[in-house]
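>>> No letters, just coordinates:
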């Protein structure tokens, strides 16, 4: 056996687990309503993904958070109080948004591929 055969999984801290679950629970309904609202227009989906990815790359989490909050409101998707509380905790907000974008991207990718 070599060193690659041993994979030690370090458990995530409870706060990170909570943020991952919150992101997943938030991304799914948002993505479904978004996809329905844009009537399956993959070009619009790609534009939003590009915008969010750019904000993420530039670490502009405040703006990314506000874009998502505004879109949630426009699509009449509930923006949970737990999400609003992240506004005041920059590291948690950034981690949540990274997880949210990853989940949203996967869901949109499935829709564009016709399997969502």
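That came through fine. In this text, all values refer to a predicted model and were calculated from it rather than measured experimentally. Numbering: from 1, shown residues only.
>>> Closest to the centroid, which residue in the protein?
Nearest to the geometric centre of the chain sits residue 100, at 1.5 Å (Cα atoms, centre = their mean).
>>> ok, it - contacts?
With contacts defined as Cβ atoms under 8 Å, 6 or more residues apart in numbering, residue 100 is in contact with 23, 26, 27, 68. For the C-beta atoms, the positions are set from N, CA and C on the backbone; glycine is no exception.
>>> how many neighbours does residue 102 have?
15 (other Cβ atoms under 10 Å).
>>> For it, which non-adjacent residue is closest in space?
Ranked by Cβ to Cβ, 6 or more residues apart in numbering and with sequence neighbours excluded, the top spatial neighbour of residue 102 is residue 23, at 7.8 Å.
>>> now swap in residue 105 and tell me
residue 49 (6.0 Å).
>>> just residue 35 next, same as before
residue 111 (5.0 Å).
>>> swap in residue 24?
residue 103 (5.4 Å).
>>> count of residues packed around the one you found?
So residue 103, with other Cβ under 10 Å, has 19 neighbours.
>>> Check which helix or strand it maps to.
helix 90-112 (DSSP states H and E).
>>> in that helix, what's buried?
Neighbour counts using 16 or more other Cβ atoms under 10 Å place 92-101, 103-105, 107-108, 111-112 of helix 90-112 among the buried residues.
>>> following whichever strand or helix holds residue 62, which helix or strand comes up?
Following DSSP H and E, one finds residue 62 within helix 61-74. Where DSSP H and E defines the elements, the next helix or strand beyond helix 61-74 is helix 81-85.
>>> how close does residue 55 sit to residue 40?
Distance, residue 55 to residue 40, using Cβ to Cβ, to the nearest Å: 24 Å.
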